[in-house]
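> Predicted model follows, preceded by the sequence.
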Amino acid sequence: MGCAASEVQVQQPAHHVKVHHHPNPAPVQQPPMRMAMAPGPQQTAVRQMAPPPQQAPPPQQAPPPQQAPPPQQAPPPQQAPAENTQDEDIQPESVEINEALIQLLVDMDKEISDLESRNVSKQYQLKSDQMTHLTAQVQSMAQQQQALVQQTQKEYQDVVNLQNLQSTRQMMTQGQYTTQMSKEQEEYMQALSKQEVHKKELDTTARQLETFKREVASVKAQADRIKELYDKQDGILASIFDGKYGSEREYNLESDLDLALERKQRVGVAKYKWQNAKVLLQHAGGQLGFAIRRWGDVMQIPPQNTDIRYKFAAECRNNLVAASQNITSAQQYLNTIRFPYCTADEMKTLNTAINHIFTDLLTSERHKHAMECYVTVYRRTAALIQWCDHVINKTILKDLEGATKESATKKQELKQERLKLIKEKIREKLGDDAADRIELTSDGPAEAENPDQDDAELLMLVEADAVSQAGDLAALAPEGGSDANAVTPLPLTELAPTPSMDDLFGNIDDLKKKHEENVKELQRQQEMAKARVDQDLQSKLAKRRSRRRRMQQQETEMQSLADKS
């Protein structure tokens with residue numbers, strides 16, 4: 001699938017073009033990249049680069065590419081101060097148990113349920129990690145951009161030196177000079193094209209970083225709110241039950257709910273990642289299809305119409321660049337998954353072909369070879385979309401539905417148990433009359449979230465720049481061929497296998513085993529305590545645990561398991 005250039009042709013320096021919006025795919029509003037231009041095949045190799053109509057002068061007259069200052073590097077995200085993840089005993093405060101306090105507890109439980117259904121803690125962790133990755137990526141790409149600019153300047157200077165040094169020219173025959181000049185010009189144009197493509201990728205990544213910064217700030221407020229509610233709820237419950245659990249059933253239900261919520265949230269994160277990856281791949285597929293049509297149009301434009309041919313090639317290139325970035329972003333979302341299609345080697349081949357696009361349009365052989373490269377990636381992208389859709393519908397959504405129902409059931413059971421215990425505590429402290437006056441309700445069964453809800457966010461989507469100076473390029477394209485690149489779906493038996501459950505959701509089974517061991521250990525110690533009639537030990541075992549600390553400890557354990565895998 002190699003698409004590297006092999007022929008030596010005379011090139012022309014780049015010139016600027018204006019942005020024109022094309023309906024498919026929809027471009028974003030941004031300045032266009034300079035379009036690197038090569039001479040048409042009808043031009044002969046000469047010692048001086050003859051400019052096409054209304055284009056930049058030859059290299060010895062045009063100023064060398066100026067090195068733009070690198071974009072300001074975003075500072076790394078501030079790290080939150082480390083919290084003690086050890087379980088701490090909750091010290092109960094003296095409070096008056098009345099209807100207002102109970103209503104406050106019920107209202108907090110509603111708000112906690114709403115925030116948990118939106119998975120705010122996991123979303124904050126996920127987007128913070130993505131922001132950290134993008135920050136490092138922008139810094140690295142800025143350094144690469146400086147190196148590419150320097151390489152372009154070097155290649156430009158090689159062309160100028162060969163044109164201006166008479167001593168060098170006198171040592172060559174006419175044929176040797178023409179061949180060497182074509183080689184130097186081609187190297188310059190390839191370096192310039194690579195620089196422009198990388199600059200576009202850098203600008204896009206920098207914009208994505210700014211978007212993630214805003215998203216992280218928004219989600220952080222919600223994550224802080226749920227931690228605050230956890231602490232407040234723990235404090236009220238500790239006050240009502242004197243710092244202990246109201247019953248062994250409450251403890252067991254709380255532990256079961258923690259595990260069920262962890263599983264549901266992890267499956268929810270997997271759904272979020274896979275849906276975002278699928279959307280990015282769908283856009284990449286559309287951009288590849290459009291690029292293939294434009295690349296086919298190039299050879300149908302009369303050779304003497306050089307300007308239109310290069311505009312079509314530039315529009316093809318811009319869509320290929322956007323498609324490549326979207327496929328790469330999809331892989332970043334699924335960084336623990338190895339793509340069975342559009343592998344790293346295949347994407348490297350595509351990016352190499354993009355850098356040679358203005359050379360590949362010079363002859364029909366090179367054009368055909370490049371077309372085969374683009375079509376191959378297009379078909380592989382279609383297979384990758386089909387594979388993602390299969391994983392989402394046949395595995396993730398089914399698991400999410402089961403995890404959602406399980407967590408809703410456990411939450412409702414725990415809520416009912418606590419309400420019953422609270423009323424018993426009121427009866428114990430205030431008497432039957434006070435208990436009978438307070439109506440405690442659970443507001444009916446918990447409502448499970450819809451696992452089919454599409455929560456994809458297009459934070460990393462890249463749109464292609466359109467290229468035009470006057471009018472609509474679509475009106476100049478030859479008719480027909482719109483369905484020429486339709487892809488037939490693969491049979492399910494030929495699709496790549498579904499990733500393992502550990503790859504999709506993390507090693508939840510180990511966490512479940514640890515949870516079961518903790519329950520058994522507690523029961524064993526309680527039985528020993530009862531046998532000894534040791535009230536101090538019994539009280540210590542029964543102390544309430546901070547839910548926020550439990551969640552942090554659980555997250556630490558999951559991260560430790562992930563690091564070992």
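It's in. Numbering: from 1, shown residues only.
> C-alpha only now, for contacts and for neighbours.
Fine.
> so which strand or helix has Val95?
Using DSSP states H and E, Val95 is not contained in any helix or strand.
> wait, isn't it in contact with Ala238?
No - Val95 is beyond contact range of Ala238, at 10.1 Å (criterion: C-alpha atoms under 8 Å).
> More neighbours: these two, which one.
Applying other C-alpha atoms under 10 Å to Val95 and Ala238 shows that Ala238 carries more neighbours, namely 24 against 10.
> My guess is the more buried one contacts Lys232. True?
No - the criterion here is C-alpha under 8 Å, and Ala238 misses it with Lys232 at 9.8 Å.
> now the strands: where do they sit in this structure?
Applying DSSP state E to the chain gives no strands.
> what about it, any weak spots by pLDDT?
Low-confidence segments of the chain (pLDDT under 70): 1-93, 434, 437-462, 465-498, 500-544, 547-565.
> Mind naming the longest helix for it?
The residue-count maximum for a helix in the chain (DSSP state H) belongs to helix 174-240.
> Can you list the helices and strands that that one packs against?
If you count contacts as 3 or more C-alpha pairs under 8 Å, 6 or more residues apart in numbering; DSSP states H and E, helix 174-240 packs onto helix 99-117, helix 120-164, helix 344-355, helix 547-564.
> Now render the ones you listed as TSV, adding distance to His198.
Compiled in TSV, those are given as follows (distance: least, C-alpha to C-alpha, whole Å):
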stretch	distance to His198
helix 99-117	40
helix 120-164	7
helix 344-355	10
helix 547-564	33
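> Nearest to Gln287, out of the ones you listed?
With distances scored as C-alpha to C-alpha, the stretch of these nearest to Gln287 is helix 344-355 (13.6 Å).
> which parts of that closest one are buried?
346-347, 349-355 (16 or more other C-alpha atoms under 10 Å).
> and which of these is nearest to Tyr272?
Taking C-alpha to C-alpha as the measure, Tyr272 lies nearest Met347 of these, at 24.1 Å.
> ok, now which ones touch that closest one?
Contacts of Met347 were listed using C-alpha atoms under 8 Å, 6 or more residues apart in numbering, and they are 324, 377.
> which one of the buried residues of helix 344-355 is nearest Ala314?
Distances from Ala314 to these, taken by C-alpha to C-alpha, are shortest for Ile354, at 10.0 Å.
> my read: the closest one touches Val321, true?
Yes - at 7.4 Å, Ile354 counts as touching Val321 under the criterion of C-alpha under 8 Å.
> Distance-wise, check Gln304 relative to Val298.
12 Å (C-alpha to C-alpha, to the nearest Å).
> higher neighbour count, these two?
The neighbour comparison of Gln304 against Val298 (other C-alpha under 10 Å) goes to Val298, with 23 against 12.
> Which residue, other than its chain neighbours, is closest to the more buried one?
Arg309 (5.4 Å; C-alpha to C-alpha, 6 or more residues apart in numbering).
> same thing with Glu215?
Using C-alpha to C-alpha, 6+ apart, the closest residue to Glu215 is Lys127 (7.5 Å).
> Pull the contacting residues for that neighbour.
Going by C-alpha under 8 Å, 6+ apart, Lys127 touches 212, 215-216.
> If you count neighbours, what's buried in stretch 176-187?
Under 16+ other C-alpha under 10 Å, the buried positions of stretch 176-187 are 177-187.
> From the contacts of Lys127, list the buried ones, please.
212, 215-216.
> Nearest to Arg294, out of these: which one, please.
Using C-alpha to C-alpha, the buried ones among the contacts of Lys127 come closest to Arg294 at Phe212, 33.3 Å.
> From Gln412, how far out is that closest one?
As judged by C-alpha to C-alpha, Phe212 and Gln412 stand 35 Å apart.
> And Gln144, by the same measure?
55 Å.
> Likewise for Ile308?
66 Å.
> Over to Leu288?
Going from Leu288 to Gln412 by C-alpha to C-alpha gives 49 Å.
> Looking at those two, which is more packed in?
Using other C-alpha under 10 Å as the criterion, Leu288 and Gln412 rank with Leu288 on top: 28 against 18.
> which residue sits closest to Arg418 in space, ignoring its chain neighbours?
Glu250 (7.0 Å).
> quick one: the helices in the stretch 351-500 of the chain?
Along the stretch 351-500 of the chain, the segments classed as helices by DSSP state H, counting those that start in this stretch run 357-360, 364-391, 397-430, 432-437, 473-476.
> Dump those into CSV; add distance to Ala206 as well.
CSV is the format used below for the helices of the stretch 351-500 of the chain (distance: least, C-alpha to C-alpha, whole Å):
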stretch, distance to Ala206
helix 357-360, 26
helix 364-391, 25
helix 397-430, 33
helix 432-437, 60
helix 473-476, 30
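> follow-up on the earlier one: next up, the contacts around the residue nearest to Arg418.
Residues near Glu250 by C-alpha under 8 Å, 6+ apart: 414, 417-418.
> Pull the number of nearby residues for Asp129.
Burial of Asp129 is recorded as 14 neighbouring residues (other C-alpha under 10 Å).
> Next one: it from Arg309, what distance?
43 Å.
> cool, Lys154 as well?
Distance, Lys154 to Arg309, by C-alpha to C-alpha: 28 Å.
> How about Asn326?
As judged by C-alpha to C-alpha, Asn326 and Arg309 stand 26 Å apart.
> just Ser121 next, same as before
Computed as C-alpha to C-alpha, the Ser121 to Arg309 distance reads 52 Å.
> and what of Leu259?
From Leu259 to Arg309 the distance is 61 Å (C-alpha to C-alpha).
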